[in-house]
Each structure stands twice: as structure tokens, then as C-alpha cells.
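Chemist: Here is my input, please return the structure:
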Amino acid sequence: MDITYIEHQTAPRLEKDVHDFFTQARYGASGPKKSDVENEKNLKQEWSQVFLDYFGDWNFLMYSHRDAELGFWITQFRDAYFCVLSQVNPCARFFIPDATRTKKWMIEQILEKLMTLFKTTGFNERLHQYNDQYDKRINQIRDSYIEVSKLSVDAPDLKFYLSFPSGTEQLQSIDWVIRSFRKFEKNLKCQPWFRGQVMFTYYHLIRDSYRNCYVIRFYLTFQKVFYSKDTNYSTLIQRLWQEATDGLGIILIVDEEASKQPSGNPFGLGREEVLAFPEPQDPLDDLDNVPEVASSVSEKMNKICILTRGFKAFHGKKW
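Modeler: Numbering: from 1, shown residues only. Here you go, the predicted structure:
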């Protein structure tokens, strides 16, 4: 099974499907009024087929990324999945269908548990807390950047796109990308110019579904009086990124005009979509473009549904 396909195709599909199932289970489907029992029966039949269509993919995802930090909706699905699995076999780590417990049986058991969960007050509170924590984190990053900006008025912000060349997509699992970025950050902090000139860093990991790879939008905010116009910071960053990726990484060149074309943007938009918002010039611009809630599945940038535990899709901090 192709891990990159699971990360770029299966996970986003599952995240959206579970969210849509929640919407119907919680608020009801449109159409003629029916009894609750009949509605639940129809709902399970409809969604059983939806999940059956790519059973092999999401069943593999449950096993291959069982230790990962998953999107909110996939997490609910995973909890229900392992709850059912433990009832079948407490020692099992992967569901294998048989004549009695078929794929359809497994799906119906999962949906039954999800329907029960989604109707509870506790789940609604969990969803609220999840989005509230996300909102607080955005505000903390924003406040931190504003505070730093007051210490150096008109501080220069340099933006880089840490990426990979076309044709190397199969080599880039999310874990590998994150390990590479962590190594890059560690080496960056050791650079004398960084320690003496940089006040704030910000990154945003983006899933580019056009190329099926990852792109990291990375900002450096400099102390204005120490910033050197004669220094080629792009060359310095590229060298560090290549070292962290065993020579594979590149700095993607993205200008504002080219990014408006579907084939020229790194934002994970499809071939028929056009970038509708301008390139963010600083971390505040980027934060303004992230989804308003963490549980959202309809975004300007394609959602990353699988992460290494402890790693945030975007983050900023002062130095």
C-alpha cells in the first residue's frame, strides 16, 4: 500500500466523510420527514456504501498511522474502529474480514458507535473545546508576533518555501518531512547570523494535492538594525534545508502573479481552481488565511489530516 496515497488522498477523504456523516447524524438529512428509526436505518445504509467503496484504504490507514496525530474527525472514527476491533479480538491491531464479520459488518458497527457518540452532549463539548484551544493558539502566535514587531518597527520579514523537486513525491512521508524540518530548525538555531539577527520564526506546513507533496511556508523576522541587505539569506536557508533532507530539498520560487495560476501555486489547490487570495507577506497575513476552526474540512488550503504527534501544522515563536 502506498503511504503517500494514504496521506494525500485517503486521509482527507475520510476526514470529510466522517464530518459529513456527523452532520447528517446530528442534525438530520434533508427531505421528507421520517421516523427516527427509519432515518437511522437509511443513514447507515447510505454511509455503509460510502465507506465500503474504499474500505481497504482506510483500514490500512487505521493500522499504518495508529500512532499518528490524526484530524479531528478521523480520530473519532479511529476510536470507534478500535473499540469494535477490541470486542472482536482484544489483541488484534488490524481488522481482517471473514465470513461472519464482513467488511460491511465492521462498517455498520463503527457507524452505530459514531451515531451514538455524535448525539451526546459530551461530544459537543469536546468539539467546542477542540476548536477553542485552536483559536487560543492562533491568538497566542499573533500576539507574540505583534509584541516582537513593537521592538523593531518595520522589521523585515523574509519568506521561503521549503519543498521538494517533482518526481520525488513517493519519498516524502509526513514523518520524514517533519523529521527533516526539525533537523533544519535545530541546525538553523546554531547559525551565528540567526542567533544575532532573527527575532521571530513562523512556519506553515501545507499539503499540496496538485503535486501530492508537502510544502513548508517559512518566515524569518529580523531585527531591523542587524538585518544585512548584502547577505543572501536564501542561499543560507537552501543549504541548511538540503543538509536536513539529504540533498533532496529545494527552495520553491513563488511569486504573487504566478501563484494565481493553478499550475504555479504550492497551496494544494486542484487543477481547476485559481488562488483567490494574495500571497501572505508576513505571519499575520498567513494566520488570517488559516481556517477559523480546527474541525473545518472546507478550507482555502488542503487540510493535513495526518501529523507526527507533538507537531503542529503551523506555529510561530519569538527568539
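Chemist: got the CA coordinates for stretch 111-118 in PDB?
Modeler: What follows is stretch 111-118, C-alpha atoms only, in PDB (Å, rounded to 0.1, in the frame of the first residue of the first chain):
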ATOM      1  CA  LEU A 111     -21.300   3.800  12.300                       C
ATOM      2  CA  GLU A 112     -23.500   2.600  15.200                       C
ATOM      3  CA  LYS A 113     -21.000   3.700  17.700                       C
ATOM      4  CA  LEU A 114     -20.400   7.000  16.000                       C
ATOM      5  CA  MET A 115     -24.100   7.800  15.800                       C
ATOM      6  CA  THR A 116     -24.400   7.200  19.500                       C
ATOM      7  CA  LEU A 117     -21.300   9.300  20.200                       C
ATOM      8  CA  PHE A 118     -22.400  12.300  18.000                       C
END
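Chemist: which parts of that stretch are buried?
Modeler: 111, 113, 114, 115, 117, 118 (16 or more other CB atoms under 10 Å). Where you see a C-beta, it was placed from the backbone N, CA and C, and this is true even at glycine.
Chemist: And it, how far out from the chain middle?
Modeler: In terms of CA atoms, centre = their mean, to the nearest Å, the centre of stretch 111-118 is found 25 Å from the chain centre.
Chemist: Can you tell me what sits against that stretch?
Modeler: 18, 21-22, 25-26, 40, 43-44, 47-48, 51, 76-77, 80, 83-84, 123 (CB atoms under 8 Å, 6 or more residues apart in numbering).
Chemist: how far away is the nearest residue to residue 178 once chain neighbours are set aside from residue 70?
Modeler: Sequence neighbours aside, residue 308 is the residue nearest to residue 178 in space, at 4.6 Å (criterion: CB to CB, 6 or more residues apart in numbering). When CB to CB, to the nearest Å is the yardstick, residue 308 and residue 70 sit 11 Å from each other.
Chemist: Domain map for the chain?
Modeler: The chain breaks down into these structural domains: 3-119, 152-318 (assignment by automatic domain parsing).
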